[in-house]
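1. Here is my input, please return the structure:
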Amino acid sequence: MKFNKWTVALAAAGLVNLGSVTQAEEASNAVMTSLSKTTLSGYVGASASWSDTSAAVPLHGRVAYQNTAKMDGFNLDVIGLTLEKPLDESDWASGYRVDLLLGPDASHYVGTSPNATAGGPSDTVGIKQAYVATRVPVGNGLDLKLGVYDAIIGYEVFTDGANPNYSRSFAYNLEPFAHTGALASYQVNDMVGVSAGIANTSRSVINDRAGLLGGSSSHFSYMASVAVVAPDSMGALSGATIYAGFLDGLAGNTSTQPDTTNYYLGATLPTPVDGLALGLAYDHVDDAPTGVAGIDADVIGAYVSYQATDKMAVHGRIEYVTGDNGLYYVGNGSDDNELLGLTATVDYSLWDNVITRLEGRWDQQLDDNGDVYGAGDDVFTLTLNAIYNF
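-> Below is the predicted model:
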């Protein structure tokens, strides 16, 4: 190993030991080699939203970070930062991923710490994912995650730009968004992939324990999924995907609620029309985590996306949710909660790396539990959204 003249001079004066310098440089080289394989990416999201109802009226079925606090003004939504060393193609590959969130929408994740409290629209920091990834050379390769990872069910995700619309579906609010546990994934062949995992609970709380909810120390949550992709030989259906997922475990206190069970079925379908794609999603939840025992829910969603030009895309979503009274609200009657949601989003790319979109969403109450949107039974919101990806 070569040493620079300054290091040699310090060694001659007895101020440093060349052996320790050698070890330090070797360690430094190892760190630099590891860091050279790490990628940094992220995004910044902002919005401006308006609603035709009072700011004090909740937008039922919508996630907390897109509710009334976002209406009638400008918003910094969230800053996402990702550090990742993805798995390579080697048999014993290893890596990691860390997703950090900063800003108001991170409050959706800051509550995932058992010692933290999810706040309102105040600045905060949240951990979305943080896991160690490894591969075991079994068959085609068994990929493993250990730590905090995204939920394996659902059509939509937290990251704004990864969804066709800005606002989240009714179903998203009934699904967990993260787990602390272990997940194994295996690609059977070009068509079929499967995964199975175990987590502390079905709540999105980092390092959560069933004992905190009144369960036993051996009461874990279990999940599984299967994805099937249509091969090229299927012609017009080539690339179509069908995804099914299952999750069962504690998501609320056992004194008021047994295990919550989520069933999910989703599909994306190409069409003969160039640039047009369809999506379908169905969610069923037994004992939804509402704090009220015995609350069940069903959500059906249909998605359509059309790439009109190189710069402009149009996305639409229609969804219907029905659930026991108390799922989203307890009105004047005893009817089930029943809502219809229509969303239209225009995405136009004016600048490199920037997603700019305008969205209109109309939610209609279909049950007879009184007017849950203040003076009426419907609500309309309009949102301008901009996201820079880096």
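2. What is the neighbour count of residue 207?
-> 11 (other CB atoms under 10 Å). Every C-beta, even on glycine, is put in place using the N, C-alpha and C of the backbone.
3. Repeat that for residue 283.
-> 26.
4. Looks like it contacts residue 176 (just checking).
-> No. Residue 283 lies out of contact with residue 176 (CB atoms under 8 Å); the separation is 11.8 Å.
5. so what sits against both of those two?
-> The contact sets of residue 283 and residue 176 overlap at 153, 262 (CB atoms under 8 Å, 6 or more residues apart in numbering).
6. OK, contacts around the nearest residue to residue 258 once chain neighbours are set aside?
-> Of all residues not flanking residue 258 in the chain, residue 287 sits nearest, at 5.6 Å (CB to CB, 6 or more residues apart in numbering). For residue 287, the contacting residues are 251, 252, 257, 258, 259, 260, 261, 293, 294, 295, 296, by CB under 8 Å, 6+ apart.
7. mind checking how far residue 331 is from residue 377?
-> Taking CB to CB, to the nearest Å as the measure, residue 331 falls 10 Å from residue 377.
8. Tell me where the stretch 101-250 of the chain is predicted with low confidence.
-> Residues of the stretch 101-250 of the chain meeting the criterion pLDDT under 70: 110-123.
9. Please enumerate the helices of it.
-> Using DSSP state H, counting those that start in this stretch, the helices of the stretch 101-250 of the chain run over 107-110.
10. Counting neighbours, which bits of stretch 192-211 end up buried?
-> 193, 195-197, 199-206, 208-210 (16 or more other CB atoms under 10 Å).
11. ok, now stretch 309-327?
-> 313, 314, 315, 317, 319, 321, 322, 323, 324, 325, 326, 327.
12. what sits against residue 152?
-> 183, 195, 197, 223, 225, 245, 247.
13. possible to save those residues as TSV with distance to residue 160?
-> Formatted as TSV, the contacts of residue 152 follow (distance: CB to CB, whole Å):
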residue	distance to residue 160
183	24
195	25
197	26
223	25
225	24
245	22
247	24
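14. Buried subset of the residues you listed, written for PyMOL?
-> Listed next is the PyMOL selection for buried residues among the contacts of residue 152, using 16+ other CB under 10 Å:
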select buried, resi 183+195+197+223+225+245+247
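15. for the stretch 101-250 of the chain, what spans make up the strands?
-> 125-136, 142-150, 178-187, 192-199, 221-229, 241-249 (DSSP state E, counting those that start in this stretch).
16. want to try CSV for the ones you listed, with distance to residue 345 as columns?
-> Shown next, in CSV, are those (distance: least, CB to CB, whole Å):
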stretch, distance to residue 345
strand 125-136, 23
strand 142-150, 23
strand 178-187, 25
strand 192-199, 29
strand 221-229, 25
strand 241-249, 22
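17. Quick one, which of those strands gets closest to residue 71.
-> strand 125-136 (22.2 Å; CB to CB).
18. That closest one pairs with which strands?
-> Sheet pairing for strand 125-136, assigned by DSSP bridges, gives strand 94-102 (antiparallel), strand 142-150 (antiparallel).
19. any idea of the angle the last one forms with strand 192-199?
-> Pointing back at strand 142-150 there. On the basis of axes from the mean of the first three to the mean of the last three CA atoms, to 10 degrees, strand 142-150 is oriented at 60 degrees to strand 192-199.
20. Give the buried residues for strand 142-150.
-> 143, 144, 145, 147, 148, 149, 150.
21. How about stretch 126-138?
-> 126, 127, 128, 129, 130, 131, 133, 134, 135.
22. Show me the two of the buried residues of strand 142-150 that sit farthest apart.
-> Counting by CB to CB, the most remote pair of the buried residues of strand 142-150 is 143 and 148, 16.4 Å apart.
23. Could you give the backbone dihedrals for the residue nearest to residue 258?
-> The phi and psi values for residue 287, taken as degrees, to the nearest 10, are phi 60, psi 60.
24. And it, how far from residue 249?
-> 11 Å.
25. and what of residue 233?
-> 39 Å.
26. Which one's more surrounded, these two?
-> Just comparing residue 233 and residue 249: by other CB under 10 Å the higher neighbour count belongs to residue 249, 25 against 7.
27. what is that one paired to in the beta sheet?
-> Counting by DSSP bridges, residue 249 forms beta bridges with residue 260.
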